[in-house]
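**Q** Predicted structure and sequence below. I'll ask about it afterward.
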Amino acid sequence: MKGSQKTRGEKGSSSGIGAGAAVLFAKRGCSLALTGRDEARLQDTEKKCLDAGLKEDMVLTVVGDITDQKTREELINRTVEKFGKINILVNNAGIFAPCLIKDIEEKDIDFLFDLNVKSVVMLTRLAVPHLLKAKGNIVNISSVASTIHLHAATLYCMTKAAIDAFTQAAASEFGAQGIRVNSVNPGAVKTPTFSRAVGGDPDLLEKLYDAQAKFHALQRMGETDEVAETVAFLASDAASFVSGTTLYVDGARRAMAGMTAS
Ligand code: NDP
């Protein structure tokens, strides 16, 4: 990575994997545009980036809902106004929402696809003209759930499969113009996603972590830092010939899914 010459826009950076990636990019001297709906959490991530050594004039925060086109336009426009360019787009904002097919309503489909898929496509469209100028790249945060079915998470799995398809399509469409597009596909990673799932109960959270750990050959969950390192690799010049790839950071969860008892 070329350090401070890089400007990175990130969708969904106020928490979890996005916040972890923001801090790592800050350590590596990238200017950052961070976004999310929760202003307090966004400020917390900004502070962590400053504590990691980022200068105050190298970070921009944009509060808003990324499913709203106005927020997407504001994020891109303000990033370019402040930094003059965009080198890297990380499409991270996304949500896990459990559901069985028998219970799915139209509004559930709209909600999950709006955030996990449509906002990725639309933000990418807005960023591409700037990425073209910078010969930049895109990292989409997909999931191991794009290729293995997670129980009662049909819509979520479908959205992440769509992200893998979009990653390949965008890598094909923009490759000749020098833009690389990849996705990172994590297994279960310790983020607020899991604490929300158990209503913040610490005992239930430990049980959930133990249960999740067993799905991975490495017998543990991932940490946000481990995903962040992979995002930073794909965004860096070290990955200059890597494009159209779905890179699993999943402790061999996908490999385990193919195992049968013998
Ligand atoms: P978190 O809930 O910790 O973070 C989600 C981020 O997305 C937050 O910054 C949140 O900000 C932002 N976000 C959510 N909805 C919106 C919205 N409508 N508009 C703007 N920002 C939004 O989740 P994770 O870190 O766990 O997940 C991040 C990504 O990683 C997701 O795409 C998820 O699917 C993927 N993933 C996570 C895994 C895990 O085990 N944790 C495994 C595989 C993939 P705010 O709330 O402030 O709006």
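**A** Great, that's in hand.
**Q** Only C-alpha atoms from now on, for both contacts and neighbour counts.
**A** Fine.
**Q** Helix, strand, or coil at V90?
**A** Following DSSP: H, G, I helix; E, B strand; the rest coil, V90 is assigned to strand.
**Q** before we move on, what about G199?
**A** coil.
**Q** can you tell me how far it sits from the ligand?
**A** Distance, G199 to the ligand, using C-alpha to the nearest ligand atom, to the nearest Å: 13 Å.
**Q** Then S119?
**A** Distance of S119 to the ligand, computed by C-alpha to the nearest ligand atom: 9 Å.
**Q** Get me the contact residues on the chain for the ligand.
**A** The chain comes close to the ligand at residues 12-18, 36-38, 64-67, 92-96, 115, 141-143, 186-193, as judged by C-alpha under 6 Å from any ligand atom.
**Q** So which of these sit within helices?
**A** G16, I17, G18, P192, T193 (DSSP state H).
**Q** quick one, phi psi at I179?
**A** Phi and psi for I179, reported as degrees, to the nearest 10, are phi -100, psi 130.
**Q** okay, now it: neighbour count?
**A** For I179, the neighbour count with other C-alpha atoms under 10 Å is 24.
**Q** Could I get the ones in helices among the residues of the chain next to the ligand in CSV, plus columns for neighbour count, distance to Q212 and pLDDT?
**A** Shown next, in CSV, are these (neighbours: other C-alpha atoms under 10 Å; distance: C-alpha to C-alpha, whole Å; pLDDT from 0 to 100):
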residue, neighbour count, distance to Q212, pLDDT
G16, 20, 17, 95
I17, 25, 17, 97
G18, 28, 21, 97
P192, 12, 14, 94
T193, 15, 13, 94
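**Q** now, among the residues you listed, which is nearest to C49?
**A** G18 (11.9 Å; C-alpha to C-alpha).
**Q** and the closest residue to V80 other than its chain neighbours, what is it in contact with?
**A** What sits nearest to V80 in space, not counting adjacent residues and going by C-alpha to C-alpha, 6 or more residues apart in numbering, is I86, at 6.7 Å. Each residue near I86 by C-alpha atoms under 8 Å, 6 or more residues apart in numbering is listed here: K6, T7, R8, G9, T79, V80, A127, H130, L131, A134, G136.
**Q** same question, T79
**A** Taking C-alpha under 8 Å, 6+ apart, one finds G9, A33, L60, K85, I86 in contact with T79.
**Q** Mind telling me what element it is part of?
**A** T79 belongs to helix 69-83 when elements are defined using DSSP states H and E.
**Q** quick one: average confidence on stretch 152-169?
**A** Averaged over stretch 152-169, pLDDT sits at 97.
**Q** In TSV: the contacts of I86, plus distance to T246.
**A** Shown next, in TSV, are the contacts of I86 (distance: C-alpha to C-alpha, whole Å):
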residue	distance to T246
K6	23
T7	23
R8	20
G9	20
T79	27
V80	28
A127	21
H130	23
L131	20
A134	23
G136	18
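**Q** from those residues, which is closest to H151?
**A** Out of those, the member with the shortest distance to H151 (by C-alpha to C-alpha) is G9, at 32.9 Å.
**Q** Next one: the closest one, what pLDDT does it get?
**A** If you check G9, the pLDDT there is 66.
**Q** all numbers from here: first residue = 461
**A** With 461 as the first residue, the last one maps to G469.
**Q** Considering the contacts of T539, which is situated nearest to L678?
**A** The closest of those, once distances to L678 are taken by C-alpha to C-alpha, is G469, at 32.1 Å.
**Q** Which of the three states applies to the residue nearest to V540?
**A** With three-state DSSP as the criterion, I546 reads coil.
**Q** Just the buried ones out of the contacts of I546, please.
**A** K466, T467, R468, G469, T539, V540, A587, H590, L591, A594, G596 (16 or more other C-alpha atoms under 10 Å).
**Q** Pull out the buried residues from stretch 675-687.
**A** Residues of stretch 675-687 classed as buried: F675, H676, A677, R680, M681, G682, E683, T684, D685, E686, V687 (neighbour count, 16+ other C-alpha under 10 Å).
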